[in-house]
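> coordinates only, sequence not included:
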């Protein structure tokens with residue numbers, strides 16, 4: 001399904017963009033000009049007259065120390081390296097100027113005066129010390145007050161618990177007193193001990 005939709009989208013004709021056409025035409029023209037220039041150069045170049053160099057010498061010396069490499073002398077037994085190939089290589093190569101060593105000079109620069117370093121005055125140090133002392137004292141007082149508040153909160157919780165217990169006992173005692181002073185309880189007590197109600 002997706003490929004069908006993609007093919008339909010690709011086949012939809014779009015209006016040509018004039019700027020894109022001009023851009024493509026300029027690219028094609030530039031490519032044609034470069035191709036013609038390369039062909040003209042190749043046509044005028046004579047391969048047999050020009051010497052072939054295998055090493056390209058730099059135009060100016062490179063500013064670095066040149067280390068002379070240490071070569072080990074080994075005999076290579078290969079048919080590729082023969083005296084004929086050596087002679088041909090010497091004839092085809094042009095001599096290369098050796099790279100000269102460049103001396104580097106150290107230039108002493110006068111030292112520039114350093115910028116003054118700013119520090120705190122004695123008064124500023126004293127103010128900072130007093131400020132720090134005040135902060136430490138306030139933190140200490142806050143910690144002590146927090147400890148006292150926690151102790152008082154614990155004691156208050158215990159007293160509230162005792163109050164609830166005493167209120168419950170008081171309610172029980174009131175209920176017992178009401179039961180003991182009721183008329184039915186008094187009559188039963190009197191009957192138990194043989195007392196009779198007077199008319």
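Received it, and whenever you're ready, just let me know what you need. Predicted model, so just to flag it, every value in this text is computed and none were measured. Numbers count the residues shown, from 1 in each chain.

> got the contact list for residue 155?
Residues counted as contacts of residue 155 (CB atoms under 8 Å, 6 or more residues apart in numbering): none. Using the backbone N, CA and C atoms, a C-beta is placed for each residue, glycine as well.

> That one: helix or strand, and which one exactly?
Using DSSP states H and E, residue 155 sits within helix 122-180.

> and that helix, average pLDDT?
For helix 122-180, mean pLDDT is 95.

> got the angle for the following helix or strand past it vs helix 122-180?
Sequence-wise, the next helix or strand downstream of helix 122-180 (DSSP H and E) is helix 183-192. Comparing the axes of helix 183-192 and helix 122-180 via axes from the mean of the first three to the mean of the last three CA atoms, to 10 degrees yields an angle of 50 degrees.

> residues in contact with helix 183-192?
179, 196, 197.

> helix, strand or coil for the last one?
Residue 197 falls in the coil class when you classify it by DSSP: H, G, I helix; E, B strand; the rest coil.

> For it, which non-adjacent residue is closest in space?
The shortest distance from residue 197 to any non-neighbouring residue, by CB to CB, 6 or more residues apart in numbering, is to residue 190 (7.0 Å).

> what about that neighbour, distance to residue 183?
Taking CB to CB, to the nearest Å as the measure, residue 190 and residue 183 are separated by 11 Å.
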